[in-house]
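A.B. asks: next input, structure requested:
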Amino acid sequence: MKLTIVAEAALEHGDHAKAISIYESLWISGPDPGRISVIQADRALELARAYWGQGEREAALREVGHAEELFRTRPELWDSMFFLIIALVRIRLALHGAEAAEEMIALLDRRIATMEARGWGGYLPLSLWIRAQAAELLGDVAVAKRDLRAARERYAAMHAPHRVAQIDEELAALV
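C.D. replies: Numbers count the residues shown, from 1 in each chain. Next up, the predicted model:
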């Protein structure tokens, strides 16, 4: 657990090689029915993010493929593990850009509807923020601004000033 936190911190600080080393030492990637699927999918997506940051696109694509295979074989992951959906959308947008944006927006739309229906608001602002980034990739600045404002409002209600400031920067940068 502690090494996972160190790996996540390395990713956040741009030390992708360190993150890859830690994730690889913790986890041999690829589908394995003996492992817990949620953790395996999370680690595959984090490893994909680290590979992408290191410039290893093919390795990142391989890890995303492992995570997507888990989603296909364990559909319950789609319904309750929003952090996995968010991680998948983020890395797919990074890897494929505008080419993946419409599909990722549709995926987020379904998950946002589920979150709202179940009253699970914790991941809602982040989902809106990422949907805004996907809309921006498609050149839809109006939708991006709408989603950023909605995310900002929810973060403000959660008393998350750092996130509000980050979104304010993104809103100011949109033309």
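
A.B. asks: quick check: residue 130 touching residue 91?
C.D. replies: No - shown here, residue 130 and residue 91 do not form a contact pair, counting by CB atoms under 8 Å, at 11.1 Å. Yep, even glycine has a C-beta here, placed from its N, CA and C like the rest.

A.B. asks: compare the two (neighbour count), which wins?
C.D. replies: Higher neighbour count among residue 130 and residue 91: residue 91, with 24 against 21, using other CB atoms under 10 Å.

A.B. asks: so that one touches residue 49, yeah?
C.D. replies: Yes - with contact defined as CB under 8 Å, residue 91 reaches residue 49; the gap is 5.5 Å.

A.B. asks: which neighbours do the two share?
C.D. replies: Residues touching both residue 91 and residue 49 (CB atoms under 8 Å, 6 or more residues apart in numbering): residue 60.

A.B. asks: where's residue 7, which helix or strand?
C.D. replies: Here residue 7 sits within helix 2-12, counting by DSSP states H and E.

A.B. asks: for that helix, buried residues please.
C.D. replies: Neighbour-count burial for helix 2-12, counted by 16 or more other CB atoms under 10 Å, picks out 4, 7, 8, 10, 11.

A.B. asks: pull the contacting residues for residue 175.
C.D. replies: Contacts here follow CB under 8 Å, 6+ apart; on that basis residue 175 touches residue 141.

A.B. asks: spatially nearest residue to residue 53, not counting backbone neighbours?
C.D. replies: Leaving aside its chain neighbours, residue 53 sits nearest to residue 16 (3.8 Å; criterion: CB to CB, 6 or more residues apart in numbering).

A.B. asks: how about the contacts made by that neighbour?
C.D. replies: Per CB under 8 Å, 6+ apart, neighbours of residue 16: 10, 50, 51, 53, 54.

A.B. asks: rewinding a little: now the helix holding residue 7, how far from the centre of its chain.
C.D. replies: 16 Å (CA atoms, centre = their mean, to the nearest Å).

A.B. asks: what's next to it, contact-wise?
C.D. replies: 16, 18, 19, 22, 23, 25, 26, 46, 49, 50, 53.

A.B. asks: mean confidence score for it?
C.D. replies: The pLDDT scores in helix 2-12 average 76.

A.B. asks: the inter-axis angle of the helix or strand following it versus helix 2-12?
C.D. replies: Once the chain leaves helix 2-12, the next helix or strand it forms, by DSSP H and E, is helix 16-26. Orientation check (axes from the mean of the first three to the mean of the last three CA atoms, to 10 degrees): helix 16-26 against helix 2-12 gives 160 degrees.

A.B. asks: thanks a lot, see you next time.
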